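> please find the sequence and the predicted model below.
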Amino acid sequence: MWWGVDDNPTIPERLRTFVSSEETPPDSSDSATESLDTTGAAAATGGAASSRRGPAKVILITLIGLLVIVLGTYGVGFAIAGDRTPRDATAGGVPIGGLSRAAAEEKLAEELAPRIEQDITLIVDDEAVTTTAAELGLGVDVPATVDLVGIGRKADPRHIWSVLTGGGEVAPVVTVDDATLEAYLADLAEQVHRDPVDAKVAIKKEKVAYTKSVQARDLDVAGSAAAIKDAFLAADQVTLPFTLTDPAVTDEQAKEARQIAKKIVSGPVVLQVKGVGTYKVPVSDLAKSYRFEVKDGALVAVLDGDKLFELSKSGLSGLATTKPVDAKVEIRDGKPHVVPSKDGNEIDQKTLVKAVEESVGKSGKGRTSTVSPNGKKAEYTTEDAKKAGVKEIVSEYTTNFPYAEYRNVNLSVAAGLINNAYLKPGDQFSLNERIGERTRAKGFVDGSFIENGRLVQGLAGGISQSATTVFNAAFFGGVQLDQWQPHTLYFDRYPAGRESTVYLPTIDVKFTNNTPYGMVVQAFVSKASPGGQGSITVRLWSTKHFTVESPEPTKSGFYSGTTRYVDTPDCTYQAPIQGFTAKYHRIIRTTDGKLVKREDYSWKYSAGDEIRCGKPPSDDDDED
């Protein structure tokens, strides 16, 4: 069937004017009439052929007609395409239809500028950062965008269709400086990154402390770049993708640990020894001894057995049937003698830890554990003492004193308490620890000592001479001197400067056995008779390890005090005592002559005032 251009609604208006005439199909009345064969077969064959040629001709004519229409339409579009944009063209919402290239580019650049220059907010999780397109390396290629809209004559059918239909919306052509964008996102990724934090459980001051976990956070850089490009010009806020990663210990995993911690501090753990007694491990000691650690991805309670045992020693001692005793060496009848060690029967660390771990997670009676003392070996055995090398006197020092019965008594008591102190290698000797509190029960009596620059009476007066003697024995033994302090006033029975006083608890004589051998401190007194002198001697027994050289101390810078009057019933006259500075040193060598070190010392003595008893004379008193 044929139709006119005006009758076809699918042909654009502009195309219709280019069709000049309408072709009319041949009239059937003018066609020649076929003569029929007298036989029926011939008539049938001729009719069938005519019937088949009719539809084929119609299809062919129709296709030719369509092709003419398409080519005509294309030709019309190509003909009318000029140097202006399609009438309905827009780019990024900016209408630029019917404009020349220059006008379209100018308008597009002008109206897109505010959107290109505006701040862009990037949102990552709960954080936001403000930036600009320039910082992100983003821009718009205006000429390329106008090209995309379509302008000028082009053979591209898509362009022809855009011209014929009036055009439409296109997205602006976005330019991306990949290096700038990647660099920006790399910096942002560092800001956004958050390390994971494990859930934590701890026991502080007998209370359970809990710290929530925090997931690790990382920026999805590739996804963020795509999101920024897609949202550019369309939105001023862009939500960027990121990843969250669980820590090794999550809040869910820490729940069980919190319950265990609550059990630990719910009450004391009771250790019971039948027939002996009980010991309650305090909650405070349990709290100090337990900590929580991550093991195999789980938060577990760990008991510090060493710490718990140290805290429990005094309490566990009440459950011991016998305590271990270390071996030592004593001087008997002028010779070293090994005192054997003794093993004990007590609650050891292994038993304590086992009982606590089995009971601490329970409640009520379940927190009581029956335990049995077991053999506890002495830390320092008889064999250790035999191998200690205590075989000879390595240092000896003696100081003399004038007769005074209090000196005989107090120095004898002090020497008895000092005698046979045994020091393993590395052990420290303390005079105050050996003598302890000065009491009459120990045998001490009143004697003289210095107070505020004058001699007064007091319990255990005079025992500072034992301090000087011990100090000098250690000094010439070459051992490490830890603490000592000379008297404030000088007494000529002592070597100047190289002496020490003692006063509980602040002033002590301490030294360390820094040799590889055991060491025994021997002390004894030869009492003075009226009108005579006594002495106290201190010896160090060991194996000779050091030699010491030390000349006599020197004195210089002498000066005198004043005269003071004391009007009290207990006043006794005191002669003036000169003050001065004493200097001395010691050179320590090993027994094979190698220099260990030189030590230099000095001490300034105060001048002792002359003490007169009574009231000071008035200015009116005559002087002889």
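Happy to help now that I have it. Everything numeric here is computed off the predicted structure, so don't read it as measured data. Numbers count the residues shown, from 1 in each chain.
> residues near the nearest residue to Tyr559 once chain neighbours are set aside, how many?
When the adjacent residues along the chain are set aside, Tyr559 lies closest to Gly579, with 5.0 Å between them (Cβ to Cβ, 6 or more residues apart in numbering). For every residue, glycine as well, the C-beta is placed using N, CA and C. Gly579: 18 surrounding residues under other Cβ atoms under 10 Å.
> show the pLDDT at Gly579.
Listed pLDDT for Gly579 reads 95.
> the one 3 residues further on now?
On pLDDT, Ala582 comes in at 98.
> partners of it in the sheet?
Beta-bridge partners recorded for Ala582 (DSSP bridges): Lys555, Trp603.
> how deep is it tucked in, by neighbour count?
By other Cβ under 10 Å, the residues close to Ala582 number 21.
> that one against Pro553, yeah?
Yes: contact criterion Cβ atoms under 8 Å: Ala582 and Pro553 qualify, at 4.8 Å.
> okay, and the common contacts of these two?
Ala496, Gly497, Arg498 (Cβ atoms under 8 Å, 6 or more residues apart in numbering).
> hey, where'd the helices end up in the stretch 201-350 of the chain?
With helices called from DSSP state H, counting those that start in this stretch, the stretch 201-350 of the chain shows them at 221-231, 251-264, 283-289, 305-316, 349-359.
> which residues sit against the shortest one?
Contacts of helix 283-289 with the rest of the structure, by Cβ under 8 Å, 6+ apart, involve 203-206, 264-269, 303-305, 307-308, 311-312, 356, 360.
> just the last one next, same as before
Contact partners of helix 349-359, identified using Cβ under 8 Å, 6+ apart, comprise 269-271, 281, 286, 303, 305-306, 308-309, 312, 316, 366-369, 371-374.
> convert the C-alpha atoms of that helix to CSV, please.
This file holds the C-alpha atoms of helix 349-359, laid out as CSV (Å, rounded to 0.1, in the frame of the first residue of the first chain):
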residue,chain,number,x,y,z
GLN,A,349,54.3,-21.9,95.8
LYS,A,350,53.1,-24.8,93.6
THR,A,351,50.6,-25.9,96.2
LEU,A,352,49.4,-22.3,96.8
VAL,A,353,48.9,-21.6,93.0
LYS,A,354,47.1,-24.9,92.4
ALA,A,355,44.7,-24.3,95.3
VAL,A,356,43.9,-20.8,94.3
GLU,A,357,43.4,-21.7,90.6
GLU,A,358,41.0,-24.5,91.5
SER,A,359,39.0,-22.4,93.9
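> could you give the angle of it to helix 251-264?
Helix 349-359 and helix 251-264 meet at an angle of 110 degrees, taking axes from the mean of the first three to the mean of the last three Cα atoms, to 10 degrees as the criterion.
> picking up where we left off before, in ChimeraX, select just the buried ones from the contacts of helix 349-359.
To isolate in ChimeraX the members of these that are buried, counting by 16 or more other Cβ atoms under 10 Å, one can use:
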select :269,270,271,281,286,303,305,308,309,312,316,367,368,369,371,373
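> got any ranges where the protein has weak pLDDT?
Scanning the chain for pLDDT under 70 picks out 1-54, 65-82, 152-167, 321, 452-455, 619-624.
> tell me the centre residue of it?
Val197 (12.6 Å; Cα atoms, centre = their mean).
> distance check, the residue nearest to it when sequence neighbours are not counted against Asp251.
Excluding its sequence neighbours, the residue lying closest to Val197 (Cβ to Cβ, 6+ apart) is Val214, at 3.8 Å. Here the criterion is Cβ to Cβ, to the nearest Å. By it, Val214 lies 10 Å from Asp251.
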